[in-house]
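> fold the following, please.
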Amino acid sequence: MQIIYQPLLNLIIVFYHLLFSNLGLAIIAFTVFMKLVLTPLTLPSMKMMQKIKDHNPELERIKKKYKDDKQKQLQAQTDFYKEKGINPASGCLPQIINFVILIALFNGFSTVFRTSDVTASLNQILYPSLRISGEVNKYFLGQDLTRPDVIAVSVVPFPLPGLFLVFVALLQFLSSKMMLPEVKKLEKVAKATTEVSDDMAVSMQKQMIYMFPLITLVVGLSFPLSIVLFWGALSLFQGVQQYFVSGWGGLAPYVRRLKLSS
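Okay, the predicted model is just below:
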């Protein structure tokens with residue numbers, strides 16, 4: 001894994017030197033840089049997923065037409081995808097790359113931060129020109145990036161998520177919500193068909209909106225804050241990209257309510 005995380009950590013330290021020795025800003029800048037580099041992969045993927053959402057009514061008509069013959073239904077869907085130039089698997093690659101980067105950074109930061117001398121440990125994997133002479137500034141907004149963002153309460157037998165971790169989970173929720181069409185539209189489409197699988201798919205999508213932020217909260221309790229910061233910056237940038245591709249998505253009803261109330 002070092003062959004992957006070593007160049008990533010070196011790139012973060014490049015931004016660290018450029019951004020006034022601020023590790024938090026360096027991680028955010030690294031995240032934005034990586035998302036910009038991956039834009040040629042990410043944007044076509046987002047547009048393809050939006051294209052699939054736009055053609056959902058036609059796909060549901062195919063399901064309804066061939067509801068008693070799964071083989072014909074699958075063939076009709078395949079022909080439809082081919083006719084419209086849709087590749088359902090195109091959205092996987094950017095997510096896989098994000099996951100690989102996340103795991104690599106987790107391994108890299110864990111290797112560096114679990115030692116008593118963070119600077120010496122970090123310098124061992126940095127290229128000579130990037131090595132840090134003084135102590136690494138490991139604080140961002142008063143928080144130690146080498147430790148989990150948790151709050152210890154005497155009356156509670158387990159650690160509670162800190163404000164930063166809660167904020168990142170909220171960003172994850174908003175980003176996940178934007179990636180899906182309005183739930184009411186999904187439910188309307190599902191009710192128009194007799195397929196039990198359609199209702200299950202809608203139910204699973206609704207659950208996933210809440211599941212991912214919950215996973216972020218639980219897993220984030222044991223992750224160093226540096227990883228949580230990376231994940232939060234990733235979710236924020238992804239939400240911005242998603243907005244320019246498909247608008248507010250599942251957040252549209254809430255945005256309309258805010259506009260009406262104001």
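
> rest of the way, CA atoms for contacts and neighbours
Fine.

> what ranges do the strands span in the stretch 1-150 of the chain?
139-140, 143-144, 150-151 (DSSP state E, counting those that start in this stretch).

> ok, then the element right after the last one?
In other words, strand 150-151. strand 160-161 (DSSP states H and E).

> point out where the stretch 51-200 of the chain drops to low pLDDT.
The stretch 51-200 of the chain contains residues with pLDDT under 70 at 90-91, 181-200.

> the nearest residue to residue 5 once chain neighbours are set aside and residue 248, how far apart?
Leaving aside its sequence neighbours, residue 5 sits nearest to residue 104 (Cα to Cα, 6 or more residues apart in numbering; 4.9 Å). As judged by Cα to Cα, to the nearest Å, residue 104 and residue 248 stand 31 Å apart.

> and those two? Which one has more around it.
For residue 104 versus residue 248, the count of surrounding residues by other Cα atoms under 10 Å is larger for residue 248: 23 against 20.

> neighbours around residue 258, how many?
Neighbours around residue 258, by other Cα under 10 Å: 10.

> tell me which element it falls in.
Using DSSP H and E, the element containing residue 258 is helix 252-261.

> returning to what we had before: okay but the residue nearest to residue 5 is in contact with residue 4, surely?
Yes. Judged on Cα atoms under 8 Å, residue 104 makes contact with residue 4 at a distance of 6.2 Å.

> wait, what's in contact with the residue most central in space within the chain?
Among the residues of the chain, the one closest to the centroid is residue 235, at 4.7 Å (Cα atoms, centre = their mean). By Cα atoms under 8 Å, 6 or more residues apart in numbering, the contact list for residue 235 reads 171, 172, 175.

> pLDDT wise, what is it at?
Residue 235 is assigned 91 on the pLDDT scale.

> next one: the one 3 residues further on
Turning to residue 238, the model gives it a pLDDT of 88.

> before we move on, which element is the nearest residue to it once chain neighbours are set aside in?
Nearest residue to residue 238 in three dimensions, chain neighbours excluded: residue 175, at 6.9 Å (Cα to Cα, 6+ apart). In this structure, residue 175 sits in helix 163-179 according to DSSP H and E.

> and the angle from that helix to helix 252-261?
Comparing the axes of helix 163-179 and helix 252-261 via axes from the mean of the first three to the mean of the last three Cα atoms, to 10 degrees yields an angle of 100 degrees.
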